[in-house]
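Novice: the following comprises the amino acid sequence and a computationally predicted model.
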Amino acid sequence: MIRPTLCPAAVLAVLACTAAPGAGRQGFLETIHRHQTLASTTPDNGDLNPYAVVVAPVSAGKVHEGDVLVDNFNDIRNLQGTGTTIVDFDPASGKTSLFAQIPKDLPQCPGGVGLTTAMTILKSGWVIVGSFPSRDGTTATRGEGCLLLLDATGQLVASWAGPDISGPWGNMAVIDKGTSATLFVSMAGFGVPGPRVLDPATHYPVVLHKATVLRLDLTIAPGTPPVIARRTVVASGLAQRADLDNFLFGPTGLALGDDDTLYVTNGLENTIVAIDHASTRSDSGGTGRVVTRDELLAWPLALAWTPERHLIVTNGKNGQLVEVDPVAGKQIYAQWIDNDQAQSPPGNGDLFGIAMSPDAKSFYYVEDDMNTLVKGS
């Protein structure tokens with residue numbers, strides 16, 4: 001295995017790093033040389049902290065095929081768990097518009113609305129987005145949250161809640177067949193206390209092993225909203241805890257492989273784990289099997305597939321992407337995509353969602369420090 005090395009923190013240019021000069025191309029990130037800021041993600045109401053990034057697979061309602069939808073987790077006061085908006089960036093025109101603004105105090109969503117990284121848009125045009133709300137910006141006043149169903153014009157149609165839904169958190173993995181769909185969503189809110197409830201042994205917020213991944217099997221009749229046909233917990237016992245600065249640590253990235261293996265970032269344990277037979281299993285795979293841990297990973301967050309069927313993962317504790325061969329369990333290298341020197345290490349806390357472009361030659365991501373959508377190509 002060629003061991004990867006980190007770029008120096010002071011590097012101002014965004015570049016890929018490998019430990020073997022002159023070696024042949026190993027993966028996707030080697031092809032990425034340009035990072036272009038596309039748009040502000042802050043709408044007129046002042047919402048901040050962009051989280052989810054998804055690319056529209058179809059044209060429907062307000063959305064054109066290839067548009068990029070981004071939601072916001074904070075409101076204008078910069079309180080986490082209070083954002084209510086989704087913005088739509090059109091790459092063809094370069095314009096950004098408001099796709100949806102959901103009422104903050106929504107009775108059918110326990111605790112109200114605070115939009116998370118859990119978002120998708122289906123081939124049928126329906127948008128599904130997670131809410132993990134708070135009244136004061138911390139988990140001390142959190143609600144259990146829900147999944148919100150919007151039509152292609154951004155209108156709220158339904159909400160899904162229940163005892164198996166608590167803090168819909170991570171970017172969704174989706175199987176979309178048009179008339180049916182399967183969603184995988186991590187749930188990171190079960191029993192999480194406020195960030196000032198400390199473990200007496202560590203003096204950090206208490207860590208619970210209650211987070212899950214929930215599979216929702218949907219049926220979608222033409223012209224009618226999706227309906228949940230089955231709800232199955234396919235992973236459980238994953239780590240979660242409150243955090244004063246980051247609101248919550250919990251499983252965030254989800255990506256489904258061609259062999260029906262679901263990959264999940266278990267950030268608190270600095271691992272990527274795998275759940276086998278994800279779309280067909282009828283029981284929980286527990287915490288799965290560890291694919292890779294530590295090395296270049298630094299609080300791994302969102303996941304996306306490259307054309308080589310590698311995973312790229314955003315780091316929460318620095319401004320890097322890490323490319324991983326999940327079959328071999330190897331971390332290939334990292335690339336600084338946010339090297340903001342105001343954070344230590346550079347880019348710490350700035351990266352969240354990521355999504356590949358339709359041609360799979362580039363990717364979209366958000367920078368929390370600037371509240372912007374960026375394209376790497």
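Specialist: Received the coordinates, thanks. The model shown is predicted, which means the values in this text are computed figures rather than measured ones.

Novice: centre-most residue in the chain?
Specialist: residue 171 (3.2 Å; C-alpha atoms, centre = their mean).

Novice: tell me the secondary structure at that residue.
Specialist: Secondary structure for residue 171, judged by DSSP: H, G, I helix; E, B strand; the rest coil, is coil.

Novice: pretty sure it is touching residue 353, no?
Specialist: Yes - between residue 171 and residue 353 there is a contact at 5.8 Å, judged by C-beta atoms under 8 Å. To be clear about C-beta, it is placed using only N, CA and C from the backbone, and glycine gets the same treatment.

Novice: quick revisit: show me the contacts for the residue nearest to the centre of the chain.
Specialist: Residue 171 sits next to 52-53, 117-119, 252-254, 302-303, 353-354 when contact means C-beta atoms under 8 Å, 6 or more residues apart in numbering.

Novice: among those residues, which are located in strands?
Specialist: Among the contacts of residue 171, the residues falling in strands (DSSP state E) are 52-53, 117-119, 254, 302-303, 353-354.

Novice: what sits in contact with each of residue 171 and residue 353?
Specialist: Taking C-beta under 8 Å, 6+ apart as the contact rule, residue 171 and residue 353 both touch 52-53, 117, 302.

Novice: who wins for most neighbours among those residues?
Specialist: Among the shared contacts of residue 171 and residue 353, the one with the most neighbours (other C-beta atoms under 10 Å) is residue 117, at 30 neighbours.

Novice: wait, that residue touches residue 351, no?
Specialist: No - at 11.1 Å, residue 117 and residue 351 do not qualify as touching, with contact defined as C-beta under 8 Å.

Novice: okay, and the common contacts of these two?
Specialist: Joint contacts of residue 117 and residue 351 (C-beta under 8 Å, 6+ apart) are 301-302.

Novice: closest to residue 126 among the ones in strands among the contacts of residue 171?
Specialist: Ranked by distance to residue 126 (C-beta to C-beta), the ones in strands among the contacts of residue 171 are led by residue 119 at 11.6 Å.

Novice: can you give me the pLDDT of that closest one?
Specialist: Note for residue 119: predicted pLDDT of 98.

Novice: nearest residue to it in space, please, no chain neighbours.
Specialist: Sequence neighbours aside, residue 52 is the residue nearest to residue 119 in space, at 3.7 Å (criterion: C-beta to C-beta, 6 or more residues apart in numbering).

Novice: the residue lying closest to residue 169 once chain neighbours are set aside - how many residues pack around it?
Specialist: Closest residue to residue 169 apart from its sequence neighbours, by C-beta to C-beta, 6+ apart: residue 188 at 4.0 Å. The local packing of residue 188 (other C-beta under 10 Å) involves 32 other residues.

Novice: kindly report the same for residue 306.
Specialist: The number of residues packed near residue 306 is 18, by other C-beta under 10 Å.

Novice: pull the contacting residues for it.
Specialist: Contact analysis of residue 306 by C-beta under 8 Å, 6+ apart lists 27-28, 312, 323, 356, 360.

Novice: only alpha carbons, please: show the longest strand anywhere in the chain as CSV.
Specialist: Of all the segments of type strand in the chain, defined by DSSP E, the longest one is strand 227-243. Extracted in CSV, the C-alpha atoms of strand 227-243 (Å, rounded to 0.1, in the frame of the first residue of the first chain):
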residue,chain,number,x,y,z
VAL,A,227,-46.1,6.4,0.7
ILE,A,228,-43.9,4.5,3.1
ALA,A,229,-44.5,0.8,2.5
ARG,A,230,-41.8,-0.5,5.0
ARG,A,231,-39.5,0.8,7.6
THR,A,232,-36.4,-1.2,8.6
VAL,A,233,-33.5,-0.4,10.9
VAL,A,234,-30.5,-1.8,9.0
ALA,A,235,-27.7,-0.5,11.3
SER,A,236,-27.7,0.3,15.0
GLY,A,237,-25.4,1.0,18.0
LEU,A,238,-23.5,3.8,16.1
ALA,A,239,-21.9,6.6,18.1
GLN,A,240,-23.5,9.9,18.7
ARG,A,241,-23.1,12.8,21.1
ALA,A,242,-24.0,16.5,21.5
ASP,A,243,-21.5,19.2,20.9
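
Novice: and the next element down the chain from it?
Specialist: Per DSSP states H and E, the first helix or strand lying C-terminal to strand 227-243 is strand 247-249.

Novice: ok, and what's touching the helix or strand harbouring residue 373?
Specialist: Element membership for residue 373 (DSSP H and E) is strand 372-376. Identification of contacts with strand 372-376 by C-beta under 8 Å, 6+ apart yields 32, 34-41, 50, 53, 68, 70, 89, 96, 337, 357, 362-367.

Novice: what about 6 Å?
Specialist: Residues from elsewhere that reach strand 372-376, judged by C-beta atoms under 6 Å, 6 or more residues apart in numbering: 32, 35-41, 70, 89, 362-367.
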